[in-house]
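Novice: Got a predicted structure here, sequence first:
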Amino acid sequence: MPDRARFLLAQHAETTRLLGVDFLPIGRAPSASMVAVEPEPAPGPEPHPRVEPVQKPAVRAAPAAEIEPKPPTAPIASVRACHEHLEEPQAKLDAVRERYIADAPHQHFVTAHTNIVFGEGDPRARLMFVGEAPGETEDQTGRPFVGRAGQLLEKMINAMGLKREEVYICNVLKTRPPNNATPTSEEARLCAPYLVEQIRIVAPEAIVTLGLPATHLLLETREPMRSARGRWWTFPPTPPAPPGADGGFSGIGAAGSIWDADLPEIPVMPTYHPAYLLRSYTEENRRKVWSDLRLVMDRLGLNA
Ligand code: URA
């Protein structure tokens, strides 16, 4: 096999692994007309024909040192202080955005961004989606989930009986990684205090984590998606995983906790990232995601 083909195959396998699956996609590649979550009757227009790069060529493996507990650079209390005096949730979110821009935690890692993609949606949303990091279209527009994966996410939201504007959508990282690389746990840790404040302000009744980076960060777990999805977790995780505990992800927990005592407990449903679903558009995967979303709908009393 030529070196180039071998390289691409290895890259694809690693990306697939990091997205939470331990098998390679089989069957036909997804076409634009397949972009719908079963058994949803495909509402809305077909996805935009422009294909954003969902392959992530520059996946960086997390070195062992990354799972050492370290405090976030911006202590959670200081990020919280920037909005405590404000009343309205949107004003509070704007203050956290300004604080993010001033702190620029992304200066501590490599980014390839043009715009900061802070998050958007109803500041009093009952449901919050947390993705990984902005892609190319998000970077260009400054809005989360507006590329091809975003169009699929919107279909998922619509299938739940909601409009995009009725939920809150954000990411672990607020800036686009080079080559859409998967965020490292260190990058996630640096950006965590701002995400925590977004969660505190919106105070949703449930959070859906899309993919492993958001799931691992908020739930302090290393579980693969195949076992993490399909059941309710809690943010903040209770009890916090002690550093180095079996299965516990101590990148942010315990000594360097990203939350404080009076953060309300919020149910979290992990599920596959829509970009993974687009790449591995099997009926089985679509059914899994749909069954995760049904659990969320049951909890919130939503009708499809
Ligand atoms: N993927 C993400 O995780 N977030 C976005 O905003 C877009 C694609």
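Specialist: Nice, I can see it.

Novice: Residues of this structure that sit close to the ligand?
Specialist: By C-beta under 6 Å from any ligand atom, the residues of the chain that approach the ligand are 131-135, 138, 144-145, 147, 149-150, 171, 275. The C-beta positions use only the backbone N, C-alpha and C, and glycine is treated the same way.

Novice: Now do the helices in the stretch 101-250 of the chain.
Specialist: Remark: helices assigned in the stretch 101-250 of the chain by DSSP state H, counting those that start in this stretch are 136-141, 148-159, 185-202, 212-219, 225-228.

Novice: out of those, deepest packed?
Specialist: For the helices of the stretch 101-250 of the chain, the largest average neighbour count (mean count of other C-beta atoms under 10 Å) is found in helix 212-219, namely a mean of 26.

Novice: Check what contacts it and list those residues.
Specialist: Identification of contacts with helix 212-219 by C-beta atoms under 8 Å, 6 or more residues apart in numbering yields 18-20, 130-133, 171-172, 182-183, 185, 188-189, 192, 195, 207, 209, 221-225, 228, 233, 235, 237, 249, 251-252, 258, 268, 270, 273.

Novice: ditto for stretch 190-198
Specialist: Applying C-beta under 8 Å, 6+ apart, the external contacts of stretch 190-198 come out as 72-76, 79-80, 83, 92-93, 96, 99-100, 105-106, 108-109, 118-119, 128, 130, 168, 170, 172-174, 217-218, 252, 258-259, 263.

Novice: Out of those residues, which end up buried?
Specialist: Taking 16 or more other C-beta atoms under 10 Å as the criterion, what is buried in the contacts of stretch 190-198 is 72, 74, 76, 79-80, 83, 92-93, 96, 99-100, 105-106, 109, 118-119, 128, 130, 168, 170, 172-174, 217-218, 252, 258-259, 263.

Novice: measure residue 289 to residue 190 for me?
Specialist: From residue 289 across to residue 190, the span is 29 Å (C-beta to C-beta, to the nearest Å).

Novice: Over to residue 301?
Specialist: Counting by C-beta to C-beta, the gap from residue 301 to residue 190 is 37 Å.

Novice: and what of residue 84?
Specialist: From residue 84 to residue 190 the distance is 22 Å (C-beta to C-beta).

Novice: Please apply the same query to residue 236.
Specialist: In this view, residue 236 and residue 190 are 18 Å apart by C-beta to C-beta.

Novice: Over to residue 130?
Specialist: According to C-beta to C-beta, residue 130 stands 16 Å off from residue 190.

Novice: what's the answer for residue 75, then?
Specialist: Separation of residue 75 from residue 190 (C-beta to C-beta): 12 Å.

Novice: CA atoms only for stretch 86-101, dumped as CSV, please.
Specialist: Written as CSV, here are the backbone C-alpha positions of stretch 86-101 (Å, rounded to 0.1, in the frame of the first residue of the first chain):
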residue,chain,number,x,y,z
LEU,A,86,-25.7,41.5,36.3
GLU,A,87,-29.4,40.5,36.2
GLU,A,88,-30.3,39.3,32.7
PRO,A,89,-28.8,36.0,31.5
GLN,A,90,-27.9,37.4,28.1
ALA,A,91,-26.0,40.3,29.7
LYS,A,92,-24.3,37.7,31.9
LEU,A,93,-23.3,35.6,28.9
ASP,A,94,-22.0,38.7,27.1
ALA,A,95,-19.9,39.5,30.2
VAL,A,96,-18.4,36.0,30.1
ARG,A,97,-17.7,36.4,26.4
GLU,A,98,-15.9,39.7,27.1
ARG,A,99,-14.0,38.0,29.9
TYR,A,100,-13.0,35.1,27.6
ILE,A,101,-11.7,37.6,25.0
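
Novice: Relative to residue 186, how far out is the closest residue to residue 132 other than its chain neighbours?
Specialist: Residue nearest to residue 132 in three dimensions, not counting chain neighbours: residue 213, with 4.7 Å by C-beta to C-beta, 6 or more residues apart in numbering. Going from residue 213 to residue 186 by C-beta to C-beta gives 12 Å.

Novice: Quick one: mean pLDDT over stretch 230-240.
Specialist: Across stretch 230-240, pLDDT averages out at 87.

Novice: for stretch 192-210, same thing?
Specialist: Mean pLDDT, computed over stretch 192-210, is 98.

Novice: Who are the contact partners of the residue nearest to residue 82 when sequence neighbours are not counted?
Specialist: Leaving aside its chain neighbours, residue 82 sits nearest to residue 99 (4.3 Å; criterion: C-beta to C-beta, 6+ apart). Counting by C-beta under 8 Å, 6+ apart, residue 99 touches 74, 79, 82, 83, 194.
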